[in-house]
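Chemist: give me a 3D structure for the following:
(one chain, ligands or ions: 1)
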Amino acid sequence: MSWFKRIKEGITTATHEKKETPEGLWYKCPSCKSIIPSQEHEDNMWVCVKCGYHERIGSEEYFAMLFDNNEFIEINTDITSADPLQFVDTKKYNERLEDSQKKTGLKDAIRTASGKLNGFPITIACMDFKFIGGSMGSVMGEKISRAIDYSIEHKTPFMIISKSGGARMMEAAYSLMQMAKTSAKLTQLSAAGLPIFPS
Ligand SMILES: [Zn+2]
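Modeler: From the prediction side, this is the model:
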């Protein structure tokens, strides 16, 4: 005979209410399940110290890693898509954009910034996969182009960190046009005698 009897049947804790490892202090590797102090994980550049798993990181982490003392000026921060085709799939494109902006705190799938790397000036464009799969639409094309203009104007090398699922289908041909536009800009960068990384 048990001492206590459950009065109500079926008392369970919903998964979302279960205590998870507090975010911020610890990192749980999705590959080997090791629990690692977040600072140690960050110091190892977001690569699991136990199994070598590479965590997906975005522009915030890349900028922190690359720019000296995490000091940089972000350029062209306020460019957003105008939804030129009024595109609707399972959701309206402008709603999808709003949702992604709220969820990620980003305006679109790329950030561009200028600062110093090992004491040398550099302009860096870094994509964010978490924003609609890092897809390239008119905003990304425009921001890459303007960042290259900035490089040419300030005579800095240009670095691009590419993490993209490809062209953004919700902007159809407008997305495809960005390939030609950014390629043309890269030609100008080359003509100005400035290097691009990775070359
Ligand atoms: Zn691991």
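
Chemist: after the helix or strand hosting Leu97, which helix or strand is next?
Modeler: Of the helices and strands defined by DSSP states H and E, Leu97 is found in helix 93-104. Counting by DSSP H and E, the element after helix 93-104 in chain order, helix or strand, is strand 110-117.

Chemist: if Trp26 is in a bridge, with which residues?
Modeler: Taking DSSP bridges as the rule, Trp26 bridges to Glu23, Pro37.

Chemist: need the three-state assignment for Met65.
Modeler: Each residue gets one of three states, and Met65 gets helix by DSSP: H, G, I helix; E, B strand; the rest coil.

Chemist: that one and Val47 touch, don't they?
Modeler: No: at 11.4 Å, Met65 and Val47 do not qualify as touching, with contact defined as Cβ atoms under 8 Å. All C-beta atoms are positioned from the backbone trio N, CA, C, and that covers glycine.

Chemist: run through who's touching the helix holding Leu97.
Modeler: Residues outside helix 93-104 that contact it (Cβ atoms under 8 Å, 6 or more residues apart in numbering): 80-81, 83, 85-87, 91, 106-108, 128, 130-132, 170-171.

Chemist: just those that are near the ion?
Modeler: Applying Cβ under 5 Å from the ion, the subset of the contacts of helix 93-104 adjacent to the ion is empty.

Chemist: emit the PyMOL select command for whichever of the residues you listed are buried.
Modeler: Of the contacts of helix 93-104, the buried ones can be selected in PyMOL as follows, counting by 16 or more other Cβ atoms under 10 Å:
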select buried, resi 81+83+87+106+107+108+128+130+131+132+170+171
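
Chemist: look up how far Glu142 lies from His79.
Modeler: I think there's a mix-up here, since residue 79 is Ile and not His. Distance, Ile79 to Glu142, using Cβ to Cβ, to the nearest Å: 6 Å.

Chemist: again, but for Cys48
Modeler: On the measure of Cβ to Cβ, Cys48 and Glu142 end up 36 Å apart.

Chemist: next: Ala109.
Modeler: Shown here: Ala109 relative to Glu142, a distance of 12 Å by Cβ to Cβ.

Chemist: of the two, who's got more company?
Modeler: Applying other Cβ atoms under 10 Å to Ala109 and Glu142 shows that Ala109 carries more neighbours, namely 28 against 18.

Chemist: right, I'll leave it there.
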